[in-house]
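K.L.:
Sequence first, predicted model second:
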Amino acid sequence: MRDERSEEDAPSNFIADEIAADLEAGRYTRPICTRFPPEPNGFMHIGHAKAASVGHGLAERFEGLFNLRMDDTNPSKEEQRFVDAMIHDLEWFLGHGLEGRVFHASDYFPRLYECAEKLIEKGLAYVESLTTEEIRDYRGDFHTPGRPSPYRDRSVEENLTLFREMRDGKHEPGTLVLRAKIDPAASNMNMRDPIVYRVMHQPHHRAGDWKIYPLYDFAHPLSDAFEGVTHSTCGKEFANHRPLYDWFLEALDFVEPPRQIEFAEISVSRTILSKRHMKVLVEDGHVAGWDDPRMPTMSGMRRRGCPASAIREFCSALGVSGASPGMVDRALMDHFVREALNKTASRVMGVPRPLKVVIENYPEGQTDDFQASNLPGDDSRGKRTVSFGHEIYIDRSDFMEEPPPKYHRLAPGREVRLRSAYIIKCTEVIKDPETGEVTELRATYDPDSKWVPGGKVRKVKGTIQWVNAAQAVPVQLRMYGELFTAEVDGYDGSAPITDYLEPDSLEVLDDAVVEPSIIGTEPGTVVQFERVGYFCVDPDSTDERLVLNRTVNLRDNRFRRIFK
RNA sequence: UGGGGCGUCGGCAAGUGGUAAGCCAUCGGUUUUUGGUACCGACAUUCGCAGGUUCGAAUCCUGCCGCCCCAGCCA
């Protein structure tokens, strides 16, 4: 249902226009089919999500098919665990299963091999005996046209024999390679007789013991064609590869060949989207793992409590454009996270940095129960009981000994409302005689200020949250911040990564307390600490020690503005 | 200085000859037991720059300028 609505609301984009035109022209007699083709060499992250969102959105819009295809043609970089994680994370992101539409380029190795032989038979490919250095030299550069290889005109028979020997492991890696015979002097470097197959004596995590492996430029268009893909979307960096993509499809006589259409990839400020650099963060121990809540991976964001729907909304809000890669502000992502969580997260009172308050005129041992709504405005979420007592905790930030103007929380002699309960007035400040630090407050409560829903009660300017000291549940709060300093947008690898890491990106609060209703909350659940932010119960939590990850703070611009 | 691609508000991004949508951010205000939410309002006389065509251009033409990608047996 939700999908239907977003489909109708989906803004048009230039790729959709292209597809519509192809449909109009009757270019394809098969259904529209798009795909998301990650290489399983790391974990799925925001960049992947955008790419998947584009392909998936298009398929949905045209009532077509959407494939996940592992682009696993280089066994030296890929692992099964990445494959498994990628499938799991994509399904989580999409919010539904892939229903059997999971493919692997490696499953096509036999067909791909057949195609290579066919290319040789047509005189469109040859076995190269030059070394890597020699190939590079013959290829020329931007200003120098390449020269044809001396092995370019081998006979079909010789090429076939050599290629089969490569397949059979009779040649060492680096000695022989299969090349497409296109144009050694082409202005597009990709067309200067690109390499199609390389010798690699390395087993494949899925396909077994191959001795040769195809390269992306060859495997990709053919895999698309094998699967019936009609529109193959990819990043702009592949625009130079499109002529090659089309060349292979034509050389091998595919009818109704798929089309490659490029769009702008995005990056997000103050984070990192390159798997290579993320790997450094993980391996050098700067983060706890690929699922560290600071990581922009699906698993990291999930652990931090970002709902998949928020990431989906974020991706679709980015739109699809042909403009050059842009930098998206983290604030946009945070907006969608808040928007989603605001409607779903139960409100709970939690105190990150407790300060004890003794209510002098409230008898010790006595309690007062209040019914507090779990989600104001949504009665279906029910109510919970919070009980007031002689000693409570408030957050240190909700008290100021010398309050600046417009500060309307607690201060000596001032009043605040304890949410859902009474109004209290601060009567005394107790400090550590040596450090001068405020250690405790004394206060009185106003018995007539009891909160009753819908009732007419006295108003004070500030309302703060609190926890009854007798029932306070100790928890650990992990406050995750940005991974990178504000000065950099992403990381280009030109300097040590530590130069850009935000040193205070993780703050652990061990003394935080929460009201008892938190007990029994499932890991993954996100709650809102009123006036603070959203917190997600970490999978590492135990009943003895609840661990909560901060998902995102509440919007607090007005407060920041007033107090600089 | 070869080839390919791109330039619309601080950030995304609509618009494709008829007189600059929307979202985020920002700034005001209303409501409110969260300085939250919700709601209201402000926010590009101008579309990289300069010419030209036209009654009329961000949209067409010409010339500049700027940014990105390509010389892996990576994807």
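P.N.:
Great, that's in hand. All values derive from a computational prediction rather than experimental measurement. Numbers count the residues shown, from 1 in each chain, chains lettered A, B, ... in the order given.
K.L.:
Please make it C-alpha for all contacts and neighbour counts, starting now.
P.N.:
Noted.
K.L.:
Counting neighbours, what do you get for the residue in the stretch 101-250 of chain A that RNA strand B sits nearest to?
P.N.:
For the stretch 101-250 of chain A, the residue closest to RNA strand B is A:Gly174, as judged by CA to the nearest atom of the strand, at 3.2 Å. Neighbour count for A:Gly174, taken as other CA atoms under 10 Å: 13.
K.L.:
quick one, strands of the stretch 51-200 of chain A?
P.N.:
In the stretch 51-200 of chain A, the strands defined using DSSP state E, counting those that start in this stretch lie at A:65-70, A:102-104, A:125-128, A:177-180, A:195-199.
K.L.:
returning to what we had before: for the residue of the stretch 101-250 of chain A closest to RNA strand B, give me its contacts.
P.N.:
A:Thr131, A:Thr132, A:Arg198, A:Val199 (CA atoms under 8 Å, 6 or more residues apart in numbering).
K.L.:
and A:Leu509, what are its phi and psi?
P.N.:
Backbone torsions for A:Leu509, taken as degrees, to the nearest 10, come to phi -100, psi 110.
K.L.:
confidence score at it?
P.N.:
Here, the pLDDT recorded for A:Leu509 equals 98.
K.L.:
show me the contacts for the closest residue to it other than its chain neighbours.
P.N.:
Distances taken as CA to CA, 6 or more residues apart in numbering place A:Leu477 nearest to A:Leu509, at 5.0 Å, with adjacent residues excluded. Applying CA under 8 Å, 6+ apart to A:Leu477 gives the contacts A:Pro352, A:Val508, A:Leu509, A:Asp510, A:Ala512, A:Val547, A:Leu548, A:Asn549, A:Arg550.
K.L.:
near RNA strand B, which residues of the stretch 1-150 of chain A show up?
P.N.:
The stretch 1-150 of chain A has residues A:12-14, A:38-39, A:71-74, A:77, A:130-132, A:135-136, A:139-143 near RNA strand B, with proximity defined as CA under 7 Å from any atom of the strand.
K.L.:
Sort out for me which of the residues you listed are in helices.
P.N.:
Among those, the residues falling in helices (DSSP state H) are A:Phe14, A:Thr132, A:Ile135, A:Arg136, A:Arg139.
K.L.:
mind showing which ranges of chain A have poor pLDDT?
P.N.:
Filtered on pLDDT under 70, chain A yields the residue ranges A:1-11, A:487-488, A:564.
K.L.:
how about the helices of it, start to end?
P.N.:
Counting by DSSP H, the segments of chain A that form helices are A:2-9, A:14-24, A:46-61, A:80-94, A:109-121, A:132-139, A:156-167, A:216-227, A:242-251, A:275-283, A:298-304, A:308-318, A:330-344, A:557-562.
K.L.:
for the ones you listed, which one ends up most surrounded?
P.N.:
Sort these by mean neighbour count, taking mean count of other CA atoms under 10 Å, and helix A:298-304 sits at the top with a mean of 24.
K.L.:
what residues are up against the spatially closest residue to A:Ala207 that is not a sequence neighbour?
P.N.:
In this structure, A:Ala207 finds its nearest non-sequential neighbour in A:Ser106, 5.9 Å apart by CA to CA, 6+ apart. A:Ser106 sits next to A:Asp71, A:Asp72, A:Thr73, A:Arg206, A:Ala207 when contact means CA under 8 Å, 6+ apart.
K.L.:
now those residues in TSV, with neighbour count?
P.N.:
As requested, the contacts of A:Ser106 are arranged in TSV below (neighbours: other CA atoms under 10 Å):
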residue	neighbour count
A:Asp71	21
A:Asp72	29
A:Thr73	25
A:Arg206	14
A:Ala207	17
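K.L.:
which one among these gets closest to A:Tyr491?
P.N.:
Nearest to A:Tyr491, judged by CA to CA, of the contacts of A:Ser106 is A:Asp71 at 25.2 Å.
K.L.:
what residues are up against the closest one?
P.N.:
Counting by CA under 8 Å, 6+ apart, A:Asp71 touches A:Pro37, A:Pro38, A:Glu39, A:Pro40, A:His104, A:Ala105, A:Ser106, A:Tyr216, A:His220.
K.L.:
burial count for the first one?
P.N.:
A count of neighbours around A:Pro37, defined by other CA under 10 Å, yields 24.
K.L.:
repeat for A:Pro145
P.N.:
A count of nearby residues for A:Pro145, using other CA under 10 Å, gives 18.
K.L.:
And the one 4 residues further on, by the same measure?
P.N.:
A:Ser149 has 17 neighbouring residues, counting by other CA under 10 Å.
K.L.:
same deal with A:Asn549?
P.N.:
With other CA under 10 Å as criterion, A:Asn549 counts 23.
K.L.:
Same check on A:Thr230?
P.N.:
Using other CA under 10 Å as the criterion, the residues surrounding A:Thr230 number 26.
K.L.:
Settle this for me: it is touching A:Arg27, isn't it.
P.N.:
No: with contacts counted by CA atoms under 8 Å, A:Thr230 stays clear of A:Arg27, the gap being 9.5 Å.
K.L.:
how near is the residue nearest to A:Asp141 when sequence neighbours are not counted to A:Arg198?
P.N.:
Excluding the flanking residues, the one nearest A:Asp141 by CA to CA, 6+ apart is A:Met189, at 7.8 Å. The gap separating A:Met189 from A:Arg198 is 19 Å, by CA to CA, to the nearest Å.
K.L.:
A:Glu440 now?
P.N.:
72 Å.
K.L.:
Give me the more crowded residue out of the two.
P.N.:
A count of neighbours by other CA under 10 Å puts A:Arg198 above the other of A:Glu440 and A:Arg198, at 20 against 17.
K.L.:
tell me the contacts of the residue nearest to the more buried one when sequence neighbours are not counted?
P.N.:
Among residues not flanking A:Arg198 along the chain, A:Val177 sits closest, at 4.9 Å (CA to CA, 6+ apart). A:Val177 makes contact with A:Val127, A:Glu128, A:Ser129, A:Ile195, A:Val196, A:Tyr197, A:Arg198, A:Val199 under the criterion CA under 8 Å, 6+ apart.
K.L.:
Repeat the analysis, applying 10 Å as the threshold.
P.N.:
A:Val177 makes contact with A:126-132, A:162-163, A:166, A:171, A:195-199, A:212, according to CA atoms under 10 Å, 6 or more residues apart in numbering.
K.L.:
on that earlier part again, out of the contacts of A:Leu477, which two sit at the greatest distance?
P.N.:
Pairwise distances across the contacts of A:Leu477 peak at 13.5 Å for A:Asp510 and A:Arg550 (criterion: CA to CA).
K.L.:
thought A:Arg330 was touching A:Arg270?
P.N.:
Yes: A:Arg330 lies in contact with A:Arg270 (CA atoms under 10 Å); the separation is 7.2 Å.
K.L.:
Give me the common contacts of these two.
P.N.:
A:Glu482.
K.L.:
A:Met295 and A:Ile272 touch, don't they?
P.N.:
Yes: assessed by CA under 10 Å, A:Met295 is found in contact with A:Ile272 at 8.0 Å.
K.L.:
any common contacting residues for these two?
P.N.:
Listed as contacting both A:Met295 and A:Ile272 by CA under 10 Å, 6+ apart are A:His45, A:Ile46, A:Met278, A:Leu281, A:Leu483.
K.L.:
so the last one touches A:Asp499, yeah?
P.N.:
It stands for A:Leu483. No: A:Leu483 is not in contact with A:Asp499 according to CA under 10 Å; the separation is 11.5 Å.
K.L.:
Same drill for these two, tell me which one is more crowded.
P.N.:
A:Leu483 (24 against 10).
K.L.:
can you tell me how far the residue nearest to the spatial centre of chain A sits from A:Arg101?
P.N.:
For chain A, the residue nearest the mean C-alpha position is A:Ile46 (3.5 Å; CA atoms, centre = their mean). Distance, A:Ile46 to A:Arg101, by CA to CA: 22 Å.
K.L.:
which residues in the stretch 451-564 of chain A form strands?
P.N.:
Using DSSP E, counting those that start in this stretch, the strands assigned to the stretch 451-564 of chain A run over residues A:463-464, A:466-468, A:473-480, A:506-509, A:513-514, A:526-529, A:533-537, A:546-553.
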